[in-house]
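Novice: Sequence unavailable; structure follows:
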């Protein structure tokens, strides 16, 4: 997409509070978008006309007066009547939480509540308009480790340390997962031997079902929270929707093997400076 | 000891004694919980001319320490909660509830169509009727709003600007029906159109005719409604739009000067209207800066009125103000935290010597306040007044090195802005050129960036977040209300004397371009004939045109 994203920021109805609308407009401009601000007191009809005339990619509505339930759907409806329903509509302002589902089910793409960072809104718009080019996430940097399921670390280790001559980094227990893990340094990455500590541990089940062997590949990332949020929005199958504590003070989360043709990927983010 | 200091102190003591005859102090002696006696006022040990000149005594020029000699030792500030939603009947019930709960003044919130001069059945009003305040179309609605509330016993503040003349006339008409004459009515109309162009958005006509209507109100009230505050020059919304404390104060005072200039130009004498000018400020979280702002405001205004406008009546020098805590500082996350923010802000207003105070409700970032939230907000003020002891001596922070420094600094920076605005040709000109709007927008954007990059921490929003089920009970405005209100207004239109209405509207039209005829008596006749807010404003809209901004 070469053209700049064009956004119409509009104030439907009689509400005169435009601090939020103006701040959003400025922030989106700083994100390289072209922003047209309608000014106050626009009827849904005027907003839709302006959106079509200005050939915008998205409409942002702001209302703090409580009139959103009648005005936002009206904009969506008029877009349809004018065969312009391909222009997505987002909204914000003072909007009670319980009003959000009906609005979002009624054709408004997303409602942002007070306190939403402008950064998040800009990212959302970029993804909405151009899902492919706009991934704002950096690709993973490297393989953090390869996880190998073993029944007993002590028995498995000599192959790695003696035969291959690699160095054992450390052994620790991750209670939440019911495993003991041994990290073996291999260049800039690691091998992670996983031994179940009790019968209910996922690793125990894995070994029971498929035998010992490669269990997962962990990718080193820098933005695990944002990444998970985005994956979730994009409908990627996740095992963990929130990151949790892993070995070495890291934050980890697993994607579902369905997302990657049967390979189990782990996202792994280490504390700064580790 | 300086003799000026001594004289001024004696003078202050005499004035305080005079005040306490009318309003005795709340207690014979004030003391702390450990029985340390509290004096009415504390002053420096070593006295110099500078103290007298910069701070002075409460009730004395330049009023830095307060506009009354005894301040809250006699009477607390007026606890005035802004309320109004839905129909006149519902709002009337809320008013009577608040009065029963010990509130001492009323404050009316109008819905947006009323504020912009549209009747409820106007297509522009769709979806907005009764949403942010009460819907008033005709005198009949106003009669319902004040049913069983004697207008000689309460003071009423009305947040109404462009159609302020119409709503004030309706209030006068309700008073007449109750047998209360105009000269007994007390209260305030906001009537500050300049800040509508700058920050709040409920303007109708362009600046020039708007200023004419305002000066008509000034001169009518001087003659007929002498106890009513004819304007509340408002920094509140300027601050909410993102201004800094300095900008809030500077732009408000610049606007105040524009109203004084307009009134003088229309032929009024400064001491005829200046005593009825009131102000309205915001209280945000930076406690000491806010206290300094209120103290500086009084000093700056007193000097302007005395030295620049040569007002002679000390009442013209006194800056009286209402304060509301900062709606934009409240968060939707962990809404109960807002109770604490409001308490800190309210405390700054009290330490700053406010005459009246509205405390916001914790759920305002989510919706209009529920009854429970509104009660907690009022209780916050009552706790400050009755339990904290801060009201037991006058200007308790006076003399703090920090607060005095901030007060001086605030005055200095406000004066710089005032000079800049004067160079642009005054506030009206500056507004038309968008000067204040731009300054505010820059400040607002910077504030947002500081929050997003974590330089400024908002508890619960960008730090100390929790996973929360956000499901507080919220106030809903009944969706059938719009229909009922439209029906009610239609009934009025069908039963009133139409010829009388048309004649009254025609007279307003005739006088609209004649600056020698005061519009107020004509508007009063029209509202008594049950002409609606929309009908009256539409006549003027046609004559004056509409302001479109930007």
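Specialist: Now that the structure is in, tell me what you want to look at. The model shown is predicted, which means the values in this text are computed figures rather than measured ones. Numbering: from 1, shown residues only, chains lettered A, B, ... in the order given.
Novice: How much space separates the residue most central in space within chain A from chain B?
Specialist: Geometric centre of chain A, nearest residue: residue A:230, 1.6 Å, by CA atoms, centre = their mean. Going from residue A:230 to chain B by CB to the nearest CB, to the nearest Å gives 18 Å. From N, CA and C alone the C-beta is placed, and that goes for glycine too.
Novice: So that residue is in contact with residue A:127, correct?
Specialist: Yes. Contact between residue A:230 and residue A:127 holds when scored by CB atoms under 8 Å: they sit 7.5 Å apart.
Novice: Can you tell me the element residue B:141 falls in?
Specialist: helix B:139-145 (DSSP states H and E).
Novice: just residue A:9 next, same as before
Specialist: strand A:6-10.
Novice: Identify all contacting residues around that strand.
Specialist: Residues from elsewhere that reach strand A:6-10 (CB atoms under 8 Å, 6 or more residues apart in numbering or on different chains): A:21, A:24-25, A:28, A:33-38, A:42, A:47, A:50-51, A:54-62, A:75, A:125.
Novice: those strands in the stretch 1-150 of chain B, which residues are they?
Specialist: Here the stretch 1-150 of chain B has its strands, by DSSP state E, counting those that start in this stretch, at B:30-31, B:37-38, B:78-79, B:82-83, B:106-109.
Novice: mind showing which ranges of chain B have poor pLDDT?
Specialist: B:1-2, B:84, B:367-368, B:469-477, B:550 (pLDDT under 70).
Novice: Spell out which parts of the stretch 1-150 of chain B neighbour chain A.
Specialist: Contact residues, the stretch 1-150 of chain B versus chain A (CB under 8 Å from any CB of the partner chain): B:112-113, B:115-116, B:118, B:123-128, B:131-132.
Novice: So what touches the helix holding residue B:141?
Specialist: Contacts of helix B:139-145 (CB under 8 Å, 6+ apart): B:87-89, B:91-92, B:95, B:108, B:134-136, B:167, B:170-171, B:173-174, B:177, B:488, B:492, B:527-528, B:530.
Novice: Now list the buried members of those.
Specialist: B:87-88, B:91-92, B:95, B:108, B:134-136, B:167, B:170-171, B:173-174, B:488, B:492, B:527-528, B:530 (16 or more other CB atoms under 10 Å in any protein chain shown).
Novice: sorry, back to before: cross the contacts of strand A:6-10 against helices and list the overlap.
Specialist: A:21, A:24-25, A:28, A:47, A:50-51, A:75, A:125 (DSSP state H).
Novice: Minimum distance to chain B, which residue of chain A gives it?
Specialist: residue A:16 (1.9 Å; CB to the nearest CB).
Novice: Number of residues surrounding residue A:74?
Specialist: 20 (other CB atoms under 10 Å in any protein chain shown).
Novice: My guess is it contacts residue A:44. True?
Specialist: Yes. If you go by CB under 8 Å, residue A:74 and residue A:44 touch, sitting 4.0 Å apart.
Novice: Between those two, which contacts overlap?
Specialist: Contacts common to residue A:74 and residue A:44, judged by CB under 8 Å, 6+ apart, are residue A:12.
Novice: For the residues of the stretch 1-150 of chain B next to chain A, which two are the farthest from each other?
Specialist: Greatest spatial distance among the residues of the stretch 1-150 of chain B next to chain A (CB to CB): B:123 and B:132, at 18.7 Å.
Novice: More neighbours: which of these two?
Specialist: residue B:132 (24 against 7).
Novice: which SSE is the closest residue to that one other than its chain neighbours in?
Specialist: The shortest distance from residue B:132 to any non-neighbouring residue, by CB to CB, 6 or more residues apart in numbering or on different chains, is to residue A:65 (5.1 Å). Using DSSP H and E, residue A:65 sits in no helix or strand.
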